[in-house]
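Undergrad: Sequence first, predicted model second:
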Amino acid sequence: MSWTTVVGLEIHAQMATQTKMFCACRRGSSTSPNESICPVCVGWPGALPVLQSEAIRCAIRAALCLHCDIQEFSRFDRKNYFYPDLPKGYQISQFYRPYALGGVIPFEREDGSPAELPLVRIHMEEDAGKSVHESDGTSRIDLNRCSSPLLEIVSEPLPMTGKEAASCVRSVRDLLRWVGVCDGDMEKGNLRCDVNVSVMPAESSEYGTRTELKNLNSFVSIERSVLVESARQIEVLTGGGEIRQETRLWDQDREITESMRGKEDSPDYRYFPEPDLPVVQIGSQDVEEQRAALPEMPEIRLSRWLNDYGFPQLETVPLMARRANGDYLEEVIQAGADPSSASNWFRGEILRHLNDRSEKIEDFPVKAAELAALIAAVKEDRLSGGRAKSLLQEALSPAVSLKSLIEDAGSQEQDSDALAEWVDQVMQENPDAIAKIRAGDMKPMGFLMGQIMKLSSGQAHPKKVQELIRSRLS
């Protein structure tokens, strides 16, 4: 029998606000356990939550980029359950009246075709704390994360593979990063996912019983866990067994899913309206303000780059990876640099520097206008490409100005007499290299060029130098 895997996603994204959801504590600012907390975070009796407006603005932007229907009125509810890292014994969430309904997640099928995963809702809620399990068998509780603002993005079930499920989550992460809602750092738990998996015979239209895979925090885990869990369910069903609705954990090392607990339904959480928070009203003016504040969206930027700048599709991948990368490139182009040259420099020298130091473009010390001036100097034949790269490396020190370096470097020496003097000296000092070139081995040519550039302190014009060498060898 042929089987189809059906996946539903619950994506939890911590919003990149300065403060927590219901208090003034700084979000994500502490590295020491239980340092960034207050009576509201830890649920002291009488400590009342106050909804922070920054979280609402972030939530609106997320709903806009996922094409949701933002509700004018929404409210918070208490989701009751007991766990060591939930000090209040309940989580403030939205259940009965979420702030956003519908929407879609754009993603790519395994065959490369575009597709969309329909959404049920997005709701706001607070994060719980963190249980830290020690090697000695003890567990400790860090409440720094308590009350941090979360978005829960809930999808409809859809037939898809594990790789396609990971593609959906990647799409959400990229979009939320793009609009500044979430940093998408899955290693820190700032974006994590619960995946509901079921299987059904390929000819059937009725979805099977689902299991929930909890707290997946990498794309590899999402892809592999869906594959393994669907295979487990198929094995159970073909053996005559039944699938039990439950929550399961993914063991990445052993690549198996293990039963954690029976899956709770909404009545188990005993939801009721949060009595300490008023109804949330999001007016049309609030929505339009956030819509106007959205940056140029990725699909629009990509289309413009392909059509206006003529960038090849593959070249755009590292440029589109982070919005800040593209913003910097746009500044370089706006400062007068040729788009193709600007792209080449960014993907080459700049990305190499950033990757070597695990830095972001925001940390890059060279201003876009200075890089544009360097590119122009190369294009106008005032500097060689090699000399320009050397100047850029010098300018990576914060105390050095690339503009001053370009001015001090002057122009490439093109005077025939000066060039001939350098060429003749290097050729006389390296007779073995000359003999090899005359014998048909062109490898020493690069060596000769390097020696001439060294002798001229990088001022010799490379093309004219090559012409002089060839003329003397003919």
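TA: Sure, I can see it.
Undergrad: Looking at this protein, which helix is longest?
TA: Taking DSSP state H as the criterion, the chain has its longest helix at helix 219-238.
Undergrad: Restricting the selection to alpha carbons, write that helix to CSV.
TA: Extracted C-alpha coordinates of helix 219-238, given in CSV (Å, rounded to 0.1, in the frame of the first residue of the first chain):
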residue,chain,number,x,y,z
PHE,A,219,15.7,22.1,10.2
VAL,A,220,17.5,18.8,10.2
SER,A,221,15.5,17.7,13.2
ILE,A,222,12.2,18.7,11.5
GLU,A,223,13.0,16.9,8.3
ARG,A,224,14.3,13.7,9.9
SER,A,225,11.7,13.4,12.7
VAL,A,226,8.8,13.7,10.2
LEU,A,227,10.4,10.9,8.1
VAL,A,228,11.1,8.6,11.0
GLU,A,229,7.7,9.2,12.7
SER,A,230,5.7,8.6,9.5
ALA,A,231,7.7,5.4,8.9
ARG,A,232,6.9,4.3,12.5
GLN,A,233,3.2,5.0,12.0
ILE,A,234,3.1,3.1,8.7
GLU,A,235,4.7,0.1,10.4
VAL,A,236,2.2,0.2,13.2
LEU,A,237,-0.8,0.4,10.9
THR,A,238,0.4,-2.2,8.4
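Undergrad: Buried residues of it, list them for me.
TA: Across helix 219-238, burial judged by 16 or more other C-beta atoms under 10 Å covers 219, 221-230, 232-234, 237. The C-beta positions use only the backbone N, C-alpha and C, and glycine is treated the same way.
Undergrad: Also stretch 138-151?
TA: By neighbour count on 16+ other C-beta under 10 Å, the buried set for stretch 138-151 is Ile141, Asp142, Leu143, Asn144, Arg145, Cys146, Ser147, Ser148, Pro149, Leu150, Leu151.
Undergrad: Would you list the strands that the helix or strand encompassing the last one pairs with, along with their directions?
TA: Under the criterion of DSSP states H and E, Leu151 resides in strand 149-155. Each strand that strand 149-155 pairs with, and the sense of that pairing, follows from DSSP bridges: strand 3-14 (antiparallel), strand 114-126 (antiparallel).
Undergrad: For the next helix or strand after that strand, what is the distance to the chain centroid?
TA: Per DSSP H and E, the first helix or strand lying C-terminal to strand 149-155 is strand 158-159. Mean-position distance between strand 158-159 and its chain equals 25 Å (C-alpha atoms, centre = their mean, to the nearest Å).
Undergrad: Remind me what strand 158-159 packs against, helices and strands.
TA: Where contact means 3 or more C-beta pairs under 8 Å, 6 or more residues apart in numbering; DSSP states H and E, strand 158-159 is packed against strand 3-14.
Undergrad: Can I get stretch 8-19 in PDB? Just the C-alpha atoms.
TA: The C-alpha coordinates for stretch 8-19 follow below in PDB (Å, rounded to 0.1, in the frame of the first residue of the first chain):
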ATOM      1  CA  GLY A   8       0.700  20.400  10.600                       C
ATOM      2  CA  LEU A   9       3.000  23.000  12.200                       C
ATOM      3  CA  GLU A  10       2.900  25.000  15.400                       C
ATOM      4  CA  ILE A  11       5.800  27.500  15.100                       C
ATOM      5  CA  HIS A  12       6.800  29.400  18.200                       C
ATOM      6  CA  ALA A  13       8.800  32.600  17.500                       C
ATOM      7  CA  GLN A  14      10.100  34.900  20.300                       C
ATOM      8  CA  MET A  15       9.600  38.500  19.300                       C
ATOM      9  CA  ALA A  16      12.600  40.700  19.200                       C
ATOM     10  CA  THR A  17      11.300  43.300  21.600                       C
ATOM     11  CA  GLN A  18      13.400  45.300  24.100                       C
ATOM     12  CA  THR A  19      11.200  44.200  27.100                       C
END
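Undergrad: mind listing what's buried in that stretch?
TA: The neighbour-count check on stretch 8-19 (16+ other C-beta under 10 Å) flags Gly8, Leu9, Glu10, Ile11, His12, Ala13, Gln14, Met15, Ala16, Thr17, Thr19 as buried.
Undergrad: Out of the residues you listed, which is nearest to Gln451?
TA: Ala16 (52.6 Å; C-beta to C-beta).
Undergrad: pretty sure that closest one is touching Asp183, no?
TA: Yes - using C-beta atoms under 8 Å, Ala16 is in contact with Asp183, at 5.5 Å.
Undergrad: still on that earlier bit, for the longest helix of the chain, enumerate the helices and strands it packs against.
TA: Against helix 219-238 (3+ C-beta pairs under 8 Å, 6+ apart) you get strand 3-14, helix 162-178, strand 191-201, strand 211-216, strand 246-251, strand 256-262.
Undergrad: can you give me the angle it makes with helix 162-178?
TA: Per axes from the mean of the first three to the mean of the last three C-alpha atoms, to 10 degrees, the angle that helix 219-238 makes with helix 162-178 is 150 degrees.
Undergrad: Report the angle between helix 219-238 and strand 191-201.
TA: Counting by the same axes, to 10 degrees, helix 219-238 lies at 30 degrees to strand 191-201.
Undergrad: what residues does helix 219-238 touch?
TA: Outside of helix 219-238, the residues within contact range by C-beta atoms under 8 Å, 6 or more residues apart in numbering are 1, 3, 5, 7, 161-163, 165-166, 169-170, 186, 193, 195, 197-199, 208, 211, 213, 216, 242-243, 248, 250, 252, 255-257.
Undergrad: switch to 6 Å and redo it
TA: Helix 219-238 has contacts (C-beta atoms under 6 Å, 6 or more residues apart in numbering) with 3, 5, 162-163, 165-166, 169-170, 197, 199, 213, 216, 243, 250, 252, 255, 257.
Undergrad: try stretch 49-59
TA: Residues from elsewhere that reach stretch 49-59 (C-beta under 6 Å, 6+ apart): Met15, Thr17, Thr19, Met21, Phe22, Val40, Met124, Pro149, Val181, Asp276, Gln290.
Undergrad: so who does the residue nearest the centre of the chain touch?
TA: Centroid-nearest residue in the chain: Asp174, 5.2 Å away (criterion: C-alpha atoms, centre = their mean). Counting by C-beta under 6 Å, 6+ apart, Asp174 makes contact with nothing.
Undergrad: which residue packs closest to Ser230, ignoring adjacent ones?
TA: Once flanking residues are discounted, Ser230 sits nearest to Thr5: 4.2 Å by C-beta to C-beta, 6 or more residues apart in numbering.
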